[in-house]
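Student: Return atomic coordinates for the entry below.
(one chain, ligands or ions: 2)
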Amino acid sequence: MNSITVVNALGLQCSVKGGALPNKHVAQDSWNVECKLARVTRLPRSTKTVFASIGNGDSVDSREHGTRQAMVEKPEAPEVQRSSEESAFNWNTQWYPVAVERDLDKNSPHPATILGRPLAIWWDKSTSKWQVYDDQCPHRLAPLSEGSISEEGHLRCSYHGWTFKGDSGECTGIPQAPKDGKQRHRSKRACVSVYPSMEQQGILWFWSDLSQGPVNIEAAANPPPVFSELSDPDFGYDISLRDLEYSYETLIENLMDPAHVNFAHHKIQGNRKSAEPLNFTITTKIAPSGFKGEDEKSVETFIPPVSFLLQFTLGGNNKQHIPGTNMETREEKNSEKKATKPKKVSLLFLCIPVSPGKSRLIWSFPRNFATFLFKITPPWVLHMTNNLVLDSDMYLLHLLERRLQVEGPENWFKRAYIPTTADAYVAGFRRWLNDFAGGCPDWSGRFEDNLPPSPPKRIILDRFNQHVVKCKSCSNALKNFKALEVGLQILAIALVGVVAASAVVPFRPVAALSIPLVIGAVVSTILSKWLAHFTYKTFYFHDYNHAVVK
Ligand code: FES
Ligand SMILES: [Fe+2]
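Tutor: Ligands and ions are numbered 1, 2, ... in the order given. Model (predicted):
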């Protein structure tokens, strides 16, 4: 078996193995390309070198241009080419997650924007499934997500009352059409466009191609990925969602970069003092279908366009702390002592392109230990930490991608300096994005290239609209806390009122209790103030200033 090693300008060292050295027409498919980051060996100018590209046919001296071309120290080294079926990733024929099914209210339609497409999601009781409609009424384009569910269970436009039903999206009524006239609602032009959609493992997905309507052969043949942990009864998990004020590319990069946790999430998920070298290795070739990687204890899988999964087995040799809670770290220590069934925890991230500068994240951290905690902990308690983690780097990521826009995202490899293996997955993702996926999501001409203007930080970290209104547990908790806050205020006023009344109309038992009653009123007032502060920070806005967190 032949083997060649190539090292690109980024320090991405690739071993290419195969039965025979391929000529330039041999598909890369038949070769096993193992990539790992390594130090680039700087060759003196006099050394004769041959440059070959990984993944495309360009041939440019990477010392001068700093691009992703590979430097090969064997004159006979081949060009590594993609097969024709690997040539492109089509953003417009993919499944995308839309929402967490648990958090959807069946009594009203919901808006969403995914890959620039405005969607109206509603519960269709006639088919017992969630429908995903194009969010524009065929009459005069009013958003159907602002509509209502009719008595018959059809989706009703709120503007003039046209109604639509089921998988077909056909119009079932035009209130303005004469009953005895032409059946205008039967016209094809009166139908709403319906996306293929499906619910799987608690997540609602839609297929981004409308051309074949709700029954799409390609969509049926390529269902969304199934995550075994979410179907395994040994695992417990929560699942939730947040909209983010930065792009899909920035979101995936951030999640493929555990090195940032100890700094960006200092004292929430990590600690600055715990930073250490991370040895990530991409173990498969980077293909339109994604790539895999690993370090000493975890395996990472990127399944384009949205799924990134980190799977940890606790108690391994790896010294790296798991990005998680202290409790998980204790479990890790326990598992080393007991050597029982391996304890596993996965971090599942679904990174959803919304529009330039905006993305949606659905996350779940299933684990096969301490699962009872999921039964006794209300989701909103878990979401407090989840949201704080997201808040603590949201602002810097929002600004970061505006810096990159100035440089031009296509220049990422030139502009970013990534000298350590900690950035292996980030570089791998950028390679996938640039080589196969056109450098950014395909917005189908819906947007200008530029990011939207940057709003104030208070809006960027708007936890209420980004999460709480879309989360049943947090919405209910907020409602209850507000009721409690009002209750405490009423109690304080009532206690003061009783004491005041007893002063006017002397009543011995109350007079004897006047001091405790006044203390009770003060305590109620303080509690209601504290509760107002707590609900504001938990459900509306929680600033995180890296400079003041020591
Ligand atoms: S715009 Fe929907 S009924 Fe008129
Ligand atoms: Fe929540």
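Student: drop to CA atoms for contacts and neighbour counts, all remaining ones
Tutor: Will do.
Student: On the three-state scheme, the closest residue to residue 275 other than its chain neighbours is what?
Tutor: Of all residues not flanking residue 275 in the chain, residue 262 sits nearest, at 6.0 Å (C-alpha to C-alpha, 6 or more residues apart in numbering). Recorded secondary structure, residue 262: helix (DSSP: H, G, I helix; E, B strand; the rest coil).
Student: what about residue 262, neighbour count?
Tutor: By other C-alpha atoms under 10 Å, the residues close to residue 262 number 20.
Student: Was I right to think it contacts residue 274?
Tutor: Yes. Assessed by C-alpha atoms under 8 Å, residue 262 is found in contact with residue 274 at 6.5 Å.
Student: Next, name the residue at the spatial heart of this structure.
Tutor: Centroid check for the chain by C-alpha atoms, centre = their mean gives residue 361 as the closest residue, at 2.1 Å.
Student: and the host helix or strand of residue 525, what does it pack onto?
Tutor: Using DSSP states H and E, residue 525 falls within helix 514-539. Secondary-structure packing of helix 514-539 (3 or more C-alpha pairs under 8 Å, 6 or more residues apart in numbering; DSSP states H and E): helix 472-504.
Student: Now do the helix it packs on against helix 514-539, angle only.
Tutor: Relative orientation of helix 472-504 versus helix 514-539 (axes from the mean of the first three to the mean of the last three C-alpha atoms, to 10 degrees): 160 degrees.
Student: picking up where we left off before, what is the residue nearest to the centre of the chain paired to in the beta sheet?
Tutor: Beta-bridge pairing for residue 361 (DSSP bridges): residue 242, residue 351.
Student: I figured it hits residue 353, correct?
Tutor: No. Using C-alpha under 8 Å, residue 361 makes no contact with residue 353, being 9.0 Å away.
Student: helix, strand or coil for the closest residue in space to residue 436 that isn't next to it in sequence?
Tutor: Of all residues not flanking residue 436 in the chain, residue 88 sits nearest, at 4.7 Å (C-alpha to C-alpha, 6+ apart). Assigned with three-state DSSP, residue 88 falls in the coil class.
Student: So what's the residue count around residue 88?
Tutor: 15.
Student: Pick out the residue in the stretch 201-350 of the chain sitting closest to ligand 2.
Tutor: Per C-alpha to the ion, residue 240 is where the stretch 201-350 of the chain lies closest to ligand 2, at 6.8 Å.
Student: I'd guessed that residue sits against residue 363; true?
Tutor: Yes. The criterion here is C-alpha under 8 Å, and residue 240 meets it with residue 363 at 5.6 Å.
Student: So the two - more neighbours on which side?
Tutor: residue 240 (24 against 21).
Student: Would you mind measuring from the nearest residue to residue 527 once chain neighbours are set aside to residue 542?
Tutor: Nearest residue to residue 527, sequence neighbours excluded (C-alpha to C-alpha, 6+ apart): residue 488, at 7.2 Å. Using C-alpha to C-alpha, to the nearest Å, residue 488 is found at 24 Å from residue 542.
Student: Of those two, which one has the most company?
Tutor: residue 488 (21 against 18).
Student: Pull the contacting residues for that one.
Tutor: Listed by C-alpha atoms under 8 Å, 6 or more residues apart in numbering, the contact set of residue 488 reads 524, 525, 527, 528.
Student: Over to residue 252?
Tutor: 308, 351.
Student: Next, give phi and psi for it.
Tutor: Main-chain dihedrals, residue 252, degrees, to the nearest 10: phi -60, psi -40.
Student: So residue 455 versus ligand 2, what's the distance?
Tutor: Distance of residue 455 to ligand 2, computed by C-alpha to the ion, to the nearest Å: 24 Å.
Student: mind checking pLDDT for that residue?
Tutor: pLDDT, residue 455: 95.
Student: For residue 439, give its distance to ligand 1.
Tutor: 37 Å (C-alpha to the nearest ligand atom, to the nearest Å).
Student: thought that residue was touching residue 412?
Tutor: No. Contact between residue 439 and residue 412 fails when scored by C-alpha under 8 Å: they sit 9.9 Å apart.
Student: Quick check: neighbours shared by those two?
Tutor: Common neighbours of residue 439 and residue 412 (C-alpha under 8 Å, 6+ apart) are residue 430.
Student: Find the residues that touch each one of residue 361 and residue 353.
Tutor: Shared contacts of residue 361 and residue 353, defined by C-alpha under 8 Å, 6+ apart, are not found at any residue.
Student: List the contacts of residue 351.
Tutor: Taking C-alpha under 8 Å, 6+ apart, we find residue 351 in contact with 248, 251, 252, 305, 306, 307, 308, 359, 360, 361, 362.
Student: what do you get for residue 378?
Tutor: Residue 378 neighbours (C-alpha under 8 Å, 6+ apart): residue 473.
Student: Which per-residue confidence value corresponds to it?
Tutor: Residue 378 is assigned 97 on the pLDDT scale.
Student: before we move on, what about the one 3 residues further on?
Tutor: On the pLDDT scale, residue 381 is placed at 97.
Student: Would you mind naming what in the stretch 451-550 of the chain lies close to ligand 2?
Tutor: 471, 474 (C-alpha under 5 Å from the ion).
Student: Having no further points to raise, I will conclude here.
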